[in-house]
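**Student:** one predicted model, sequence on top.
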Amino acid sequence: MARARQADAWKTIARLRAQLEYHNYRYYILDDPRIADAEYDRLLRDLEAAEAAHPEFASPDSPTQKVGARIDKTFSEVAHRVPMHSLANAFDADEVARFDQRVREHLEMESGAVEYVAEVKLDGLAVSLRFENAWFVRAATRGDGRSGENITHNMRAVLGDAVCLRGSTAAAVPEVLEVRAEVFMRRDDFARLNDAQRERGEKTFVNPRNAAAGSLRQLDPAVTAARPLSLYCYALGEVAGAPPPATHWETLRWLKGFGLPVSDLTRQARGAAGCIDYYEAMLQRRAELPFDIDGVVYKVSRIDWQDSLGHTARAPRWALAHKFPAQEEMTRVEKIELQVGRTGAVTPVARLAPVFVGGVTVSNATLHNRDEIARLDVRVGDTVIVRRAGDVIPEVVKVDKSKRKKGARKFVFPATCPVCDSAIVYEDGGVIARCGGGLFCVAQRKENIRHFAGRAAMDIEGLGNKLVEQLVDAKLVGSVADLYALTEAQLAGLERMAEKSAANLIEALEKSKQTTLARFLFALGIPLIGAATAEALASSLPDLQRLLEADEETLQAIPDVGPVVAQSVLAFFAEAHNREVIAQLVAAGVAWPAPAAAPGGGDGVDSLFAGKTVVLTGTLSMARAEAKRILQSRGARVTGSVSKNTDYVIVGDNPGSKADKAEELGIEMLDEAAFIDMAGAEQ
């Protein structure tokens, strides 16, 4: 029986070692991890516990006794004169207290508090930088702790001016100074890098840490130089020719004096309580920092105490990494659904097997859009890494395709809204999906009514957010058109709605019927149409029916209307549900003044241009701006392109293709004399 248990223990240990070696290789060499950091930490702890229970299986080659992974032979090898250790981890305050207690016991401290230096634990790539006689000569990755990869040429671009250290009489630069640093990428730089990668059709990075590591391990230093990398120095390796400071706190100030970057978030902390205070402060600030941190590090400050405490095979006994709650975890995608937001945006959402990440239990994660689904190739049943940073909505950042079941189908975006069955239209080059039934879709109903009643729209006084909630929840209003069918009796029956308030709202609704076309268009909530663009639409096409029938070319001729806005207008008016609600609003009495007749020459001929669409082409004897002013003052809409909706083309000398198109479409062309005669204007 004992032999069987021992055999089972060995199988467990061998399996965990193999898994950890594989994940070390993917993380440190390929910069392409398959599992979240929290899952790796669990595997390592499981192996530590198994080896502690069965010391007969101890091995110096175990991942619990080594740092990182064997180096990639793509780069030359650099031996570290002073080994680069990893750090032991703590995950709660009790473990920190036990660490402090072990330090105190070793130092035989019966009273007083240990002086620690508390630093943020950057989520980047550890490197060693060697300076000789103030000049940078070599850089290497941590590798397996004893030797790493030579990345000297790549690090020159990252160091910038720091390739030569500056000294002073107070801080002479040592003959040899080996500095340990963390290379990382700031979040905004990471976002810009991934945007650029996508534009070039190249692979994007999972997170800033992998982006930094991948950038440093480029064979072409020019690629590294183009990447936005940062670094902070945090420790010493070999030092010769000048004595280093007596404490770690003074060491960091010493390095800063040489012109090397050091984090300004580092603090001194007294005892375990001071360390925990620092942890809590950084945990609160974590989301607002410009770079990722996954915990904090505590280091005994006195160097002689560090020397006394020494190291294990893998980590120093005088330092501890206190990890934050994991921001990334692994789980399974159970379903992929589409969620329609209040503005009509259609967002794919992964329904997940619940997992604790970032301090909360997560069961849903955004997939952003159809392009992101395609990039990730995420499918129902997949094992995925989910990330939750601060208050950010959880998102799927990677799929472990090695665990995908056979027959898993690709997710296909439907053509219609899952809520109202209106057509889905796409913006921003097809990336953003939006329900086309803005005036009809239930998912958008409350937001649409709020917008419709707003001061810049129909200006319905008294129709606030809470009342909109009540009207929709009570099923009294299904679309904005239903507002004009409300009665005082219906309103008075609502909570906190007295007869006087009901009467006032009915009066406000009646008053709002008299509006302008620009306000009406803005109130409809057409995507991308703000108040200014609505004004431009109304000025150029003052007749609603003509606007409803306008084609893309006609719309693009309007000031402030480009291809994207034109497509948005066309898609909105193409949806039958939207046209139905617009017709109901007009039938309910919503109206606006007809375009006023523009002042003319007194004989009535100016009215010939009122409401007409006119195009100017060729060289006129008068300035083009003056001709446009005359036409607009007489009620014409002047556009830049010829379409079937154009009424007149005024032709000057040397007309271009616009005249040819007008002739092709059979549009009436006027020379300058005919134009002046019709306008009743003098040259």
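**Tutor:** Looks like it arrived, so ask away.

**Student:** count the neighbours of Thr361 for me.
**Tutor:** The tally of other residues near Thr361 (other C-beta atoms under 10 Å) stands at 9. Using the backbone N, CA and C atoms, a C-beta is placed for each residue, glycine as well.

**Student:** pLDDT score for the spatially closest residue to it that is not a sequence neighbour?
**Tutor:** The shortest distance from Thr361 to any non-neighbouring residue, by C-beta to C-beta, 6 or more residues apart in numbering, is to Pro354 (5.3 Å). Pro354 carries a pLDDT value of 92.

**Student:** surely Pro354 is in a strand?
**Tutor:** Yes - assessed with DSSP: H, G, I helix; E, B strand; the rest coil, Pro354 lies in a strand.

**Student:** ok, now which ones touch it?
**Tutor:** The contact partners of Pro354, by C-beta atoms under 8 Å, 6 or more residues apart in numbering, come to Thr331, Thr361, Val362, Ser363.

**Student:** surely the last one meets Ala350?
**Tutor:** No - Ser363 is beyond contact range of Ala350, at 9.5 Å (criterion: C-beta atoms under 8 Å).

**Student:** which one of those two has more residues nearby?
**Tutor:** A direct count of neighbours by other C-beta under 10 Å for Ser363 and Ala350 places Ala350 higher, at 27 against 15.

**Student:** which helix or strand contains that one?
**Tutor:** Using DSSP states H and E, Ala350 maps to strand 346-357.

**Student:** do the same with Ile336
**Tutor:** Counting by DSSP H and E, Ile336 is found in strand 328-340.

**Student:** Arg519 too?
**Tutor:** For Arg519, the enclosing helix or strand under DSSP H and E is helix 517-523.

**Student:** give the next helix or strand downstream of that helix.
**Tutor:** helix 531-540.

**Student:** pretty sure Val127 sits in a helix.
**Tutor:** No - under three-state DSSP, Val127 falls outside any helix and is assigned strand.

**Student:** looking at it, it is touching Arg142, isn't it?
**Tutor:** Yes - using C-beta under 8 Å, Val127 is in contact with Arg142, at 7.1 Å.

**Student:** follow-up on the earlier one: among the contacts of Pro354, name the ones in strands.
**Tutor:** Among these, DSSP state E puts Thr331, Thr361, Val362, Ser363 in strands.

**Student:** name the residues linked to the third one by a beta bridge.
**Tutor:** If I follow you right, that is Val362. For Val362, the beta-bridge partners under DSSP bridges are Val355.

**Student:** list the residues that contact it.
**Tutor:** Val362 touches Glu329, Thr331, Leu352, Pro354, Val355, Phe356, Val386, Arg388, Pro394, counting by C-beta under 8 Å, 6+ apart.

**Student:** can I get these in a markdown table with distance to Tyr278?
**Tutor:** Supplementary listing: the contacts of Val362 in a markdown table, determined by distance: C-beta to C-beta, whole Å:
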| residue | distance to Tyr278 |
| --- | --- |
| Glu329 | 25 |
| Thr331 | 31 |
| Leu352 | 33 |
| Pro354 | 32 |
| Val355 | 28 |
| Phe356 | 24 |
| Val386 | 28 |
| Arg388 | 23 |
| Pro394 | 27 |
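
**Student:** show me what the helix holding Arg519 is packed against.
**Tutor:** When contacts are defined as 3 or more C-beta pairs under 8 Å, 6 or more residues apart in numbering; DSSP states H and E, helix 517-523 sits against helix 531-540.

**Student:** may I have the helix or strand that the helix it packs on is followed by as CSV, with CA atoms only?
**Tutor:** Of the helices and strands lying after helix 531-540 in sequence (DSSP H and E), the nearest is helix 544-549. C-alpha atoms of helix 544-549 as CSV (Å, rounded to 0.1, in the frame of the first residue of the first chain):
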residue,chain,number,x,y,z
LEU,A,544,-38.7,65.4,-45.1
GLN,A,545,-39.8,63.3,-48.0
ARG,A,546,-36.9,64.3,-50.1
LEU,A,547,-34.6,63.5,-47.2
LEU,A,548,-36.1,60.1,-46.9
GLU,A,549,-35.5,59.4,-50.6
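
**Student:** how about helix 544-549: buried residues?
**Tutor:** Leu547 (16 or more other C-beta atoms under 10 Å).

**Student:** can you name the next helix or strand after it?
**Tutor:** Remark: after helix 544-549, the chain's next helix or strand is helix 552-556, criterion DSSP H and E.

**Student:** list the contacts of that next one.
**Tutor:** 537, 541, 561-563, 565-567, 569-570, 613, 639, 641, 643, 645.

**Student:** filter those residues down to the ones in strands?
**Tutor:** Using DSSP E, the members of the contacts of helix 552-556 that fall within strands are Thr613, Thr639.

**Student:** where along the stretch 51-200 of the chain do the strands fall?
**Tutor:** Assigned by DSSP state E, counting those that start in this stretch, the strands in the stretch 51-200 of the chain fall at 77-79, 89-90, 115-122, 125-132, 135-141, 147-149, 176-184.

**Student:** Val114 versus Ala213, what's the distance?
**Tutor:** Distance from Ala213 to Val114, counting by C-beta to C-beta, to the nearest Å: 34 Å.

**Student:** just Leu439 next, same as before
**Tutor:** Leu439 sits at a distance of 68 Å from Val114 (criterion: C-beta to C-beta).

**Student:** which one's more surrounded, these two?
**Tutor:** Neighbours were counted for Leu439 and for Val114 using other C-beta under 10 Å; Leu439 has more, 27 against 22.

**Student:** how close does the more buried one sit to Glu535?
**Tutor:** From Leu439 across to Glu535, the span is 20 Å (C-beta to C-beta).

**Student:** re the thing from before, relative to Ile336, how far out is the residue nearest to Thr361?
**Tutor:** For Pro354, the distance to Ile336 (C-beta to C-beta) stands at 16 Å.

**Student:** list the contacts for Arg198?
**Tutor:** Thr204, Arg375.

**Student:** for the stretch 251-400 of the chain, just list every one of the strands.
**Tutor:** Secondary structure of the stretch 251-400 of the chain by DSSP E, counting those that start in this stretch: the strands cover 267-270, 293-300, 319-323, 328-340, 346-357, 360-366, 383-387, 395-400.
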